[in-house]
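K.L.:
Just need the structure, nothing else, for what follows:
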Amino acid sequence: MISGTDITMTKLIAFNKPYDVLTQFNDKDGRTTLKDYIDIADVYPAGRLDRDSEGLLLLTDDGRLQHHISDPRHKLSKTYWAQVENIPDASAIKQLQQGVLLKDGVTKPAKARLIDPPEVWERHPPVRFRQSIPTQWIELQISEGKNRQVRRMTAAVGHPTLRLIRVAIGQWQLNDLQPGQWCEVNFQTELKLNQPAGHLEDGESLVEAVIRETLEETAWQFIPESLIGIYRWRHQQTQNTYIRFCFSGSLGEHLDRPLDSDIHQAVWLDAPTIQQRRAQYRSPLVEQCLQDYLSGKRYPLDLLAD
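P.N.:
Prediction:
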């Protein structure tokens, strides 16, 4: 399977959204919008950033790329700097890291740490401080998209957010962009080779997940028959760790349905062709799984007790 985005004519814009700007191009009430800053036609926000938050917003003219960036299923990490009331102790940071109970459920594990005050622009209007209450900056990296999630997380552990700046979305960073400035990102994504792969939905078994993911990414009905192996890989750039359960099985019907938005094409390749295209691997697990399959490794599915 080839995954990635065909972006021959794709535009990707990085914008430093100022405070009090809506992440839309029109507003019937006359409030400040993206139209006041960005004069490029046919680009749209890939995700949202609240009116009272600042920092990195990505815009693109490619619908598939927009979906890939904004859809929480793709787990694209988002990094924020939050200035909060009082000094969070180790217990509060641990809660943020492990998950916080909100009204709409428990947040997924996040990266959280205290940081020194960053060198950032003055906000207009300025943040209202209470002289009797100290403040602290923290860095949070999340992969979900709950409404006002960071603000609710810090409030839930006793440290309301006074100022919130998004500094990164996946591989894209705010860098030196000043409020109201934008630039076109020199963006090129090579097509990558990967077996159908994905995530677990809530309440879903591993076998159910591989059936669903194969259907979503290839349009083939897949009948798992054995487990080939369990693998762990750490991405050197993001430092995220991935666990892969690789299955073998047989195919049922090929359905007439669209593939997931970040899948360019599902293709059949023989082993020599796959090995000749190592430069396109999504990860080293592509060939490791293939080699274990060819060597005859098979384990019963009942090894996976849910």
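
K.L.:
State the distance from Trp220 to Ile230.
P.N.:
23 Å (CB to CB, to the nearest Å). C-betas here are computed from N, CA, C, even on glycine.

K.L.:
cool, and Gly170?
P.N.:
26 Å.

K.L.:
Between those two, tell me which one has more neighbours.
P.N.:
Taking neighbours as other CB atoms under 10 Å, Gly170 and Ile230 compare with Gly170 leading, 16 against 13.

K.L.:
buried set for stretch 235-254?
P.N.:
Using 16 or more other CB atoms under 10 Å as the test for burial, stretch 235-254 gives 244-249.

K.L.:
likewise stretch 25-40?
P.N.:
Neighbour count says stretch 25-40 has 33-34, 37-38 buried, by 16+ other CB under 10 Å.

K.L.:
now stretch 43-60
P.N.:
Buried-residue list, stretch 43-60, by 16+ other CB under 10 Å: 43-47, 49-50, 53-60.

K.L.:
name the element Leu58 belongs to?
P.N.:
strand 54-60 (DSSP states H and E).

K.L.:
And the contacts of that strand?
P.N.:
10-19, 23, 34, 38, 40, 43-47, 49, 66, 69, 80-81, 123, 163-169, 172-174, 177, 179, 182, 185 (CB atoms under 8 Å, 6 or more residues apart in numbering).

K.L.:
Going through those residues, which ones are buried?
P.N.:
Buried among these (16+ other CB under 10 Å): 10-19, 23, 34, 38, 43-47, 49, 66, 69, 80-81, 123, 163-169, 172, 174, 177, 179, 182, 185.

K.L.:
and which of the buried residues of stretch 235-254 is nearest to Gln195?
P.N.:
Cys246 (7.2 Å; CB to CB).

K.L.:
Just to be sure, Leu96 is in a strand?
P.N.:
No. Counting by DSSP: H, G, I helix; E, B strand; the rest coil, one finds Leu96 to be helix, located in no strand.

K.L.:
start at 75 instead
P.N.:
All set: I'll call the first residue 75, so the last point we hit is now Leu170.

K.L.:
Chain neighbours aside, what residue packs nearest to the spatially most central residue of the chain?
P.N.:
Geometric centre of the chain, nearest residue: Leu150, 1.0 Å, by CA atoms, centre = their mean. With CB to CB, 6 or more residues apart in numbering as the criterion, Leu150 has its nearest non-adjacent residue at 4.3 Å, and that residue is Gly244.

K.L.:
repeat for Ile167
P.N.:
For Ile167, the spatially nearest residue (CB to CB, 6+ apart) is Ala186, at 5.2 Å.

K.L.:
Verify the stated contact: that neighbour with Ile212.
P.N.:
Yes. Counting by CB atoms under 8 Å, Ile212 is a contact partner of Ala186 at 6.2 Å.

K.L.:
Now for these two: what residues contact both?
P.N.:
In contact with both Ala186 and Ile212: 167, 170, using CB under 8 Å, 6+ apart.

K.L.:
Could you count how many residues lie near the nearest residue to Leu267 once chain neighbours are set aside?
P.N.:
Nearest non-adjacent residue to Leu267, counting by CB to CB, 6+ apart: Gln354, 4.5 Å away. Gln354 is flanked by 16 other residues according to other CB under 10 Å.

K.L.:
And for Asp145?
P.N.:
16.

K.L.:
same deal with Trp307?
P.N.:
Trp307: 14 neighbours (other CB under 10 Å).

K.L.:
For it, name its beta-bridge partners.
P.N.:
Under the criterion DSSP bridges, Trp307 forms beta bridges with Tyr316.

K.L.:
Does the residue nearest to Ile167 lie in a helix or a strand, and which?
P.N.:
Going by DSSP H and E, Ala186 is part of strand 185-189.

K.L.:
Which neighbouring elements make contact with the helix or strand just after that strand?
P.N.:
Note on strand 185-189: by DSSP H and E, the next helix or strand toward the C-terminus is strand 209-216. Helices and strands touching strand 209-216, by 3 or more CB pairs under 8 Å, 6 or more residues apart in numbering; DSSP states H and E, are strand 152-159, helix 164-172, strand 185-189, helix 223-230.

K.L.:
Lovely, talk soon.
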